[in-house]
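J.: next one to model:
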Amino acid sequence: MYKVSVVIVFFLSQMFFTSAFAFEDRRSVEILLNGCRYQALRPAPVQDSEWEAAFQCRDALRIVIANGPKQPSFMAACVPDSIPEHEIARALVKVLERNPERYKERFDIRAATALHEVWPCP
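T.: Now for the predicted structure:
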C-alpha cells in the first residue's frame with residue numbers, strides 16, 4: 001500500500017511541475033508575436049481571440065517601454081511618447097521577424113533589445 005501511494009504522489013508531482021513549465025511558454029516571443037502582429041494592425045484584429053492577443057502584447061509592451069530607460073545601456077530603449085502603440089508594435093514585429101530561430105526566447109528581453117535597436121537611449 002505504501003509503494004502505491006508513493007508512486008501516485010510521484011506522478012501527481014510530475015504533472016504539477018510539467019504544467020508549471022508549460023505556463024512559462026506564455027512569455028516567449030513565439031506566443032506573443034501573433035498578438036503583436038494584431039496590435040500592429042497587420043492584420044487588424046477581428047475576432048475576440050485576436051483582440052485578446054493584441055491586448056496581451058500591448059500590456060507586455062507597455063511594461064517593456066516603461067522599463068526601457070532603466071535597462072543596461074546595451075538594451076536601453078527610449079521610445080518617444082508621441083509614437084502610437086501600433087507603430088511601436090509594427091517596429092517590434094519587424095525586428096523580431098528577422099530572427100525566427102529566437103522565437104523560443106523570453107519576450108520581454110527580446111522586445112527590449114528590439115526597441116533598443118529602433119529607439120536607443122542617448
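J.: in this structure, which helix or strand is least confident?
T.: Lowest by mean pLDDT, DSSP states H and E among the helices and strands of the chain is helix 2-24, with a mean of 51.
J.: name the residues that touch the very next helix or strand once past that one?
T.: Downstream of helix 2-24, the next assigned helix or strand under DSSP states H and E is helix 29-39. Helix 29-39 is contacted from outside by 25-26, 43-45, 50-58, 60-61, 85-86, 89, 92-93, 96-97, 102-107, 110-111, using CB atoms under 8 Å, 6 or more residues apart in numbering. No exception for glycine: its C-beta is placed from N, CA and C like everyone else's.
J.: if you count neighbours, what's buried in the helix or strand that helix 29-39 is followed by?
T.: The C-terminal neighbour of helix 29-39 among helices and strands, as given by DSSP H and E, is helix 48-67. For helix 48-67, a neighbour-count test (16 or more other CB atoms under 10 Å) marks E50, A53, A54, Q56, C57, R58, A60, L61, V64, I65 as buried.
J.: so where's the chain shaky on pLDDT?
T.: Applying pLDDT under 70 to the chain flags the ranges 1-26.
J.: look up how far R27 lies from the residue sitting nearest the centre point of it.
T.: For the chain, F107 is the residue whose C-alpha lies nearest the centre (CA atoms, centre = their mean; 3.3 Å). From F107 across to R27, the span is 5 Å (CB to CB, to the nearest Å).
J.: Y38 too?
T.: Y38 is 18 Å from R27, where distance means CB to CB.
J.: any chance of TSV for the buried residues of helix 48-67, columns distance to A77?
T.: Converted to TSV, the buried residues of helix 48-67 look like this (distance: CB to CB, whole Å):
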residue	distance to A77
E50	26
A53	23
A54	21
Q56	20
C57	16
R58	16
A60	14
L61	11
V64	8
I65	7
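J.: relative to E117, which of those is nearest.
T.: Nearest to E117 among these is V64, at 12.9 Å by CB to CB.
J.: for the nearest residue to that closest one once chain neighbours are set aside, grab the count of nearby residues.
T.: What sits nearest to V64 in space, not counting adjacent residues and going by CB to CB, 6 or more residues apart in numbering, is A111, at 4.6 Å. A111 has 28 neighbours, counted by other CB atoms under 10 Å.
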